[in-house]
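Enquirer: got a predicted structure here, sequence first:
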Amino acid sequence: MKQHDLHIYNSLTKTKEKFTPIHEGAVGMYVCGPTVYSNVHLGNCRTFLSFDLVFRYLKHLGYKVRYVRNITDAGHLENDGESGEDPILRKARIEQLEPMEVVQRYTVDFHTTMAKFNAHPPSIEPTATGHIIEQIQIVEKIIEEGFAYETNGSVYFDVLKFNKTYEYGKLSGRNLEDMIANTRELSAQTDKKNPQDFALWKKAEPQHIMRWPSPWSDGFPGWHLECTAMSTKYLGDNFDIHGGGMDLKFPHHECEIAQAEACNHISPVNYWMHANMLTLNGKKMSKSTGNFILPDDMFTGENDILSKPFSPTVTKFFMYQAHYRSILDFSSEALEASEKGFNRLMDAYRMLDNTETSEKTSLDITSWRKSCYDAMNDDFNSPILIAHLFEAVKFINALKEGKETISTEDLKLLKQTMHDFLFDVLGLQNVAGENSQDGEKLTGAVELLIELRNQARANKDFATSDKIRDQLAEKGIQLKDGKEGTTFQLFNNV
RNA sequence: GGCAUCGUGGCCGAGUGGCUAGGCUCAGCUCUGCAAAAGCUGCUACAGCGGUUCGAGUCCGCUCGAUGCCUCCA
């Protein structure tokens, strides 16, 4: 375990708190995963990448982390009342597929996309449909405790009754009286005692395909239940971290707290973390409004929003240049700025391999390294971390020009630290790809052309030399003349 | 309407009451056959109004504006 002083902003208390896990050296973390009825869009990805950073950093600090992220494969209704359609069923109807075919298709898409972003898979990835029994047991327990009631084969959570003993609304800062006063009801609620009550179990209509037997009816679980069932099953009644998108804070996470407290009489989560939204045109990315971009469309450049394609690692770097609790707006200009910075950062890192060393070091590497940790320890402040990494870039470039010096030992520490943060913590990828066989062949061919060009330049045959340079550029290969010869770089995705 | 968050230089985006965040753009310079690339230097902002304070982007109040949630949503 590395020594650290990690502080996490807790949404429940609205303050940064020192992180102390329940079991020393181990962390239990649950994150709400996607509902797999369509391709994950970039906004969904941001949340999962925010928690990938958390996962990676906790592991980097030496914790044994059990990271549970669910797959919601039983769709919930569009509203909690009597009407509305399950989005998975709707998709299955439209595309004439079995619901589980829909689920399978988009689960695979989700995994493929996260792999492109170089996100670590969670330790356990449970599905809602795989935990129906556990969910039914929780409903039974809540009924037993007196906080739920059955009406016409459906079971609802009695929020008003719960609120007499516990506190409903403490996470999202709402109080029940206000909510009741401001209820806007469009259609009559026949089954619920109160509009604030939420479904634990819903009786299925005859046409509803996804259904399971239960003590109350053939039906399906309410949409807040799966997370309570799976988080407590794999992490215990009380665990360290629960994360999710800001838009899940209410009602989803509020209801999770209520369910868990009704069952176990203990607040389930010590640190609630909420990742903020990715916006497009100033508005939240959202499947239902069509205001979103798909990851693959941005990797290929086939979209109307961006001027060019961007790689997964650049996209991730762009996201990490903003703090996870801030809204981030997505635009072509902002992506381009990040891409240039990213390339500069990677160039500097590569340069460390052929850096000359001296007796002394003109920069305090140890204290620089500490400032990197300080940034991450302050509620995973990746933008500050990246600012520090750019300070190192400046130093590395100065080394090259002989304006600064570094000892062999410090060079090793600098390189190790850069490596740790760039690749282990941020999970970035060096896009060079020199290792493949094709890459070697390409390198050989381009180096030959570079040699021919330099001969032409020596002979002042600039017509030939410029032809080589310009035509390679047209093919997406950029020559870069430096003091120590010419190198080349492939334009991304051309 | 209710709850919450936010408004930072040309753009993006950090900021624990007092000291230059950082990236990109732009300008100048170095390098170069020319260019590109690369490097260096420069560009001091905090929505408005009032208050607390020796001192506020940072705390308090009001005004204006934006966003999220209150229906499925990361």
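Expert: That came through, no problem.

Enquirer: can we go C-alpha only for contacts and neighbour counts from here?
Expert: OK.

Enquirer: which SS state does A:Leu479 fall under?
Expert: The local conformation at A:Leu479, judged by DSSP: H, G, I helix; E, B strand; the rest coil, is strand.

Enquirer: show me what contacts it?
Expert: By Cα atoms under 8 Å, 6 or more residues apart in numbering, the residues touching A:Leu479 are A:469, A:472-473, A:486-489.

Enquirer: filter those down to the ones near RNA strand B?
Expert: Restricting the contacts of A:Leu479 to those near RNA strand B by Cα under 7 Å from any atom of the strand leaves A:Arg469.

Enquirer: show the buried residues in the contacts of A:Leu479.
Expert: Those of these that meet the buried threshold are A:469, A:472-473, A:488, by 16 or more other Cα atoms under 10 Å.

Enquirer: in the stretch 51-200 of chain A, which spans are strands?
Expert: For the stretch 51-200 of chain A, strands defined by DSSP state E, counting those that start in this stretch occupy the ranges A:64-69, A:148-151, A:154-157, A:198-203.

Enquirer: now those as CSV including distance to A:Glu356?
Expert: As requested, those are arranged in CSV below (distance: least, Cα to Cα, whole Å):
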stretch, distance to A:Glu356
strand A:64-69, 38
strand A:148-151, 71
strand A:154-157, 68
strand A:198-203, 66
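
Enquirer: out of those strands, the one nearest A:Gly282 is which?
Expert: strand A:64-69 (28.6 Å; Cα to Cα).

Enquirer: now for that closest one, which elements pack on it?
Expert: Contact analysis of strand A:64-69 by 3 or more Cα pairs under 8 Å, 6 or more residues apart in numbering; DSSP states H and E lists strand A:26-31, helix A:42-60, helix A:225-235 as its packing neighbours.

Enquirer: wait, what's in contact with A:Asp481?
Expert: Taking Cα under 8 Å, 6+ apart as the contact definition, A:Asp481 lies against A:Thr487.

Enquirer: what's the answer for A:Ile132, then?
Expert: Contact partners of A:Ile132, counting by Cα under 8 Å, 6+ apart, are A:212, A:221.

Enquirer: recalculate using a threshold of 10 Å.
Expert: The contact partners of A:Ile132, taken as Cα atoms under 10 Å, 6 or more residues apart in numbering, are A:74, A:138, A:212-214, A:220-221, A:225-226, A:229.

Enquirer: repeat for A:Glu101
Expert: A:Glu101 makes contact with A:37, A:88, A:92, A:107, according to Cα under 10 Å, 6+ apart.

Enquirer: and the third one, how many neighbours does it have?
Expert: Spelled out, that is A:Ala92. A total of 19 residues lie near A:Ala92 under the criterion other Cα atoms under 10 Å.

Enquirer: mind checking how far it is from A:Glu333?
Expert: Computed with Cα to Cα, to the nearest Å, the distance linking A:Ala92 and A:Glu333 is 38 Å.

Enquirer: do the same with A:Asn276
Expert: Distance of A:Asn276 to A:Glu333, given as Cα to Cα: 21 Å.

Enquirer: who has more neighbours, those two?
Expert: Neighbours per residue, other Cα under 10 Å: of A:Asn276 and A:Glu333, the larger number sits with A:Asn276, 21 against 11.

Enquirer: the more buried one - nearest residue in space that isn't next to it in sequence?
Expert: Leaving out its chain neighbours, the residue that sits closest to A:Asn276 by Cα to Cα, 6 or more residues apart in numbering is A:Arg325, at 4.9 Å.

Enquirer: cool, A:Val103 as well?
Expert: When the adjacent residues along the chain are set aside, A:Val103 lies closest to A:Val36, with 5.4 Å between them (Cα to Cα, 6+ apart).

Enquirer: could you double-check that that neighbour lies in contact with A:Leu89?
Expert: No - here A:Val36 does not reach A:Leu89: they are 11.2 Å apart, not a contact under Cα atoms under 10 Å.

Enquirer: between those two, what contacts are shared?
Expert: Listed contacts common to A:Val36 and A:Leu89 are A:74-75, A:100, A:102-103; contacts here mean Cα under 10 Å, 6+ apart.

Enquirer: helix, strand or coil for A:Gln429?
Expert: With three-state DSSP as the criterion, A:Gln429 was assigned coil.

Enquirer: quick one, phi psi at it?
Expert: The main-chain torsion angles of A:Gln429 are listed as degrees, to the nearest 10 and equal phi -120, psi 140.

Enquirer: low-confidence ranges, the stretch 51-200 of chain A, go.
Expert: A:78-83, A:183-190 (pLDDT under 70).

Enquirer: at 80 instead, please
Expert: In the predicted model of the stretch 51-200 of chain A, residues A:75-84, A:181-190 satisfy pLDDT under 80.

Enquirer: got the phi and psi for the residue nearest to A:Val103?
Expert: phi -90, psi 70.

Enquirer: residues contacting it?
Expert: If you count contacts by Cα under 10 Å, 6+ apart, A:Val36 has them with A:71-75, A:87-88, A:100, A:102-110.
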